[in-house]
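Novice: what shape does this take:
(2 chains)
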Protein chains: 2
Amino acid sequence: MQKIGIGLAGLGTVGAGVYRHLLQNRLLLTERIGLELEVRRIAVRNVAQVRSVQPPQGILTEHWEALIVDPTVGIVVELIGGIDLPYELCRRALKARKPVVTGNKALLAEKGAEIFELAAEVGVPVFFEAAVAGGIPIIKSIREGFIGNHLQSIHAILNGTSNYILTRMTDAGMDFPEALREAQAGGYAEADPTLDINGWDAAHKAIILASLAYGFWVDTAHIYVEGVEKISAADIRFAENLGYRIKLVATIRADSNASIEVRVNPTLVPKGHVLASVNGVFNALMVRGDIVGDTLFYGRGAGQDPTASAVISDLAQAAIWIDSGGKAFGFTPHGLYGKCLPTEDLVSGFYLRLTVDDRPGVLAQIASILGSHDIGISSVIQPESHEEAAVPLVLMIHNAPFGRMKEAVEQMSELECVKSAPVLLWILS
Amino acid sequence: MQKIGIGLAGLGTVGAGVYRHLLQNRLLLTERIGLELEVRRIAVRNVAQVRSVQPPQGILTEHWEALIVDPTVGIVVELIGGIDLPYELCRRALKARKPVVTGNKALLAEKGAEIFELAAEVGVPVFFEAAVAGGIPIIKSIREGFIGNHLQSIHAILNGTSNYILTRMTDAGMDFPEALREAQAGGYAEADPTLDINGWDAAHKAIILASLAYGFWVDTAHIYVEGVEKISAADIRFAENLGYRIKLVATIRADSNASIEVRVNPTLVPKGHVLASVNGVFNALMVRGDIVGDTLFYGRGAGQDPTASAVISDLAQAAIWIDSGGKAFGFTPHGLYGKCLPTEDLVSGFYLRLTVDDRPGVLAQIASILGSHDIGISSVIQPESHEEAAVPLVLMIHNAPFGRMKEAVEQMSELECVKSAPVLLWILS
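Specialist: The predicted structure is shown next:
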């Protein structure tokens, strides 16, 4: 039986999971693919470090170049994190005609265009199932399962940390800092949770999904990203009363002119919608294709084991590619779509919460600003308040372009009767 | 650009959908796979019949052998239905080294072993994404996405007609015949709904999933199948009061001795479980792998368009296979699992409803039969009744082997105080 050698760069959480499960389920995998996968080299920062897995000392190295030059390594797995070093590693592996498996979403979001251009040039595949939604086979499903479909939209919850925080704020009435502290204590948030809570972890994944769906590499500069840091317990309560739950949703969508919309932001999701029930650290994706209709995927979006499962699936496909001398899989650019809609033109319904003076004429001022921007109000709620000076005023806004909406909100915030920064949230559409 | 010719056998609902969408999304598909797919021959029963799609008359034929002998046909798509003729068509196509795409679940359930043996022998792939759960890419996900996982269990709702009927019985309080009539009037059930309501349509799909998951072709004789015909409105109400919804669930599971369990039967699903919320004609699959954990797939399980989406995905993969001279995908038999658990040994909790005389001592008789079979009761409910002669008695039973449970129920039904056939339902485990 043919043996295929693997070179692993990185032996952190995911790398150790891949190593362990490859050993544990070795027999099963060999039976299924008819090839034997063997880890031959592992590049780490410090070979002396104590680890949860103990590979034979001889295969550990502190030089990632060893994975490239070792002729017994057929597939390179990049699980280092960061951008510059992984980028260099991927380039060198592809040039050496070794397929690459990576779970590095930041790398693909920043350097995807360059990496896939090189992959196409040399005819060697790059696999990246582990980069989006952990063990859920969403990359394979979009790239192969829905290959005959124009993908009309993807709505997804892609960041477990944010979703955990929002779930605790909703279910336990916590405020943001308290929920974040709990998430960190429970291991659901990193010590530095910046990329999770500012929306950019989800945004990297959304860029990968959008690029696969629409055939051109989406630039980070062309998407709209907002995190969960500014969500307050009060907004969650008001949304609740209005029949919504607040989720950090990635919206990816094509309009009829082949322009696309990519954004990640806290979004009001109607309680009856399936995404409203996705709680805790779970991920979910609702994919709409012109032929297949709506399909939902749900599972753990991160963690050692689910991510290792995705890496191993890619390893099997890479091994089959080597064995069969097959076609290069990966990202196939095409010219059917080609630009992102400007953020200003994105259309949505909105939830607007203002803090205003409790006196006659205030609503008229607000409404007149909205009217002058041609923006319609679908309902107004003035919750009872016991503070005397300022009261909350919540407006539900009909579909309107984000740019016009922002202008109106800026104008409102200059009104004397508006007491603090307005809160503007998107409604799921 | 290389063109790959398709031979279509059958131009019914799904065949017409495939033809139409291949034309409509031709450009997209060509961009994505770098190959052009062209339907070159269509075999139908009657070329003169009026149809929703109008292929050029020259490509229609009444002789399916034309698909085999035509050298311009590279891939054969079998969408005829039935077993004998499709089986012959598949064999002939494989022997002519033409990859086969089929959506015929009955064919695979009955003849899968023979078909995949031949496919392995000649080294030509058979694709069958359309056979299970319509447009949900579950075959690809299990075969490739979870390739590194021992699949511990699959719980699935696989028959839209049964699920529609159960949903209407639950939500609108209909009885079975009324819900079936409504399903037929709405186009959610065939004129002859036998295979849908007796559980065998779902069973064919369960056999395919189990075979893929466990590496040996599961025999129809070794699985347990029960349909929804016997479910009464009363059972749905009682289940509701106990916190459950009744669903037709396919349970596929391996035990620690590498024996597997495959059954399809009406099952009590706790209301909090995600499968309890799958309503109407939708399908859902909850897959548990030893590495990936739980993953859920949800979508339309049937219908022209979702099924066509799956067929087109298989066509693309078959075309890539031809273009690259790749490895044969399909079903890979292996010897890690190898037998089905005998039905009698399947363990579950149960719901048992008896109709009994309303007099003292009855419960003692029932309980003593259960006790003598070493079967534990977790709760007893005797709903109030205004009939005098006989009253319902509902027992919730702790995990017990089905064989022992059946024996106990048979013994009970011989009791004088038991007035009509006992109703025994499985609880989701």
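Novice: so where do the helices sit in chain A?
Specialist: For chain A, the helices defined by DSSP state H occupy A:13-24, A:26-33, A:65-69, A:84-95, A:105-122, A:138-140, A:160-172, A:176-185, A:194-197, A:200-214, A:233-241, A:304-324, A:362-372, A:402-413.
Novice: need these in CSV (columns: mean neighbour count).
Specialist: Bear in mind the C-beta positions are built from the backbone N, C-alpha and C, glycine included. Shown next, in CSV, are the helices of chain A (neighbours: other Cβ atoms under 10 Å in any protein chain shown):
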stretch, mean neighbour count
helix A:13-24, 21
helix A:26-33, 17
helix A:65-69, 18
helix A:84-95, 19
helix A:105-122, 19
helix A:138-140, 26
helix A:160-172, 22
helix A:176-185, 17
helix A:194-197, 20
helix A:200-214, 26
helix A:233-241, 17
helix A:304-324, 24
helix A:362-372, 15
helix A:402-413, 18
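Novice: let me have these in CSV, extended by distance to B:Tyr224.
Specialist: Formatted as CSV, the helices of chain A follow (distance: least, Cβ to Cβ, whole Å):
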stretch, distance to B:Tyr224
helix A:13-24, 31
helix A:26-33, 26
helix A:65-69, 50
helix A:84-95, 50
helix A:105-122, 44
helix A:138-140, 32
helix A:160-172, 38
helix A:176-185, 44
helix A:194-197, 46
helix A:200-214, 40
helix A:233-241, 45
helix A:304-324, 30
helix A:362-372, 62
helix A:402-413, 55
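Novice: output these as JSON lines; include the columns distance to B:Ile147 and mean pLDDT.
Specialist: Supplementary listing: the helices of chain A in JSON lines, determined by distance: least, Cβ to Cβ, whole Å; pLDDT from 0 to 100:
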{"stretch": "helix A:13-24", "distance to B:Ile147": "11", "mean pLDDT": "96"}
{"stretch": "helix A:26-33", "distance to B:Ile147": "6", "mean pLDDT": "89"}
{"stretch": "helix A:65-69", "distance to B:Ile147": "23", "mean pLDDT": "97"}
{"stretch": "helix A:84-95", "distance to B:Ile147": "22", "mean pLDDT": "97"}
{"stretch": "helix A:105-122", "distance to B:Ile147": "22", "mean pLDDT": "93"}
{"stretch": "helix A:138-140", "distance to B:Ile147": "10", "mean pLDDT": "95"}
{"stretch": "helix A:160-172", "distance to B:Ile147": "24", "mean pLDDT": "96"}
{"stretch": "helix A:176-185", "distance to B:Ile147": "32", "mean pLDDT": "95"}
{"stretch": "helix A:194-197", "distance to B:Ile147": "29", "mean pLDDT": "95"}
{"stretch": "helix A:200-214", "distance to B:Ile147": "20", "mean pLDDT": "95"}
{"stretch": "helix A:233-241", "distance to B:Ile147": "41", "mean pLDDT": "87"}
{"stretch": "helix A:304-324", "distance to B:Ile147": "5", "mean pLDDT": "90"}
{"stretch": "helix A:362-372", "distance to B:Ile147": "54", "mean pLDDT": "95"}
{"stretch": "helix A:402-413", "distance to B:Ile147": "42", "mean pLDDT": "96"}
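Novice: between those helices, which one is nearest to B:Asp323?
Specialist: For the helices of chain A, proximity to B:Asp323 was assessed by Cβ to Cβ; helix A:304-324 is nearest, at 11.7 Å.
Novice: return the distance of the closest one from the chain's centre.
Specialist: In terms of Cα atoms, centre = their mean, to the nearest Å, the centre of helix A:304-324 is found 21 Å from the chain centre.
Novice: angle of that helix against helix A:13-24?
Specialist: Counting by axes from the mean of the first three to the mean of the last three Cα atoms, to 10 degrees, helix A:304-324 lies at 60 degrees to helix A:13-24.
Novice: tell me the helices and strands packed up against helix A:304-324.
Specialist: strand A:3-9, helix A:13-24, helix A:26-33, strand A:36-43, strand A:75-78, strand A:100-102, strand A:126-127 (3 or more Cβ pairs under 8 Å, 6 or more residues apart in numbering or on different chains; DSSP states H and E).
Novice: please report the distance of A:Gly10 from A:Leu275.
Specialist: 32 Å (Cβ to Cβ, to the nearest Å).
Novice: then A:Val269?
Specialist: A:Val269 is 5 Å from A:Leu275, by Cβ to Cβ.
Novice: same thing with A:Gly82?
Specialist: Distance from A:Gly82 to A:Leu275, by Cβ to Cβ: 31 Å.
Novice: looking at the two, which one has more neighbours?
Specialist: Using other Cβ atoms under 10 Å in any protein chain shown, the more surrounded residue of A:Gly82 and A:Leu275 is A:Leu275, with 21 against 11.
Novice: go ahead and confirm the more buried one touches A:His155.
Specialist: Yes: between A:Leu275 and A:His155 there is a contact under Cβ atoms under 8 Å: 6.3 Å.
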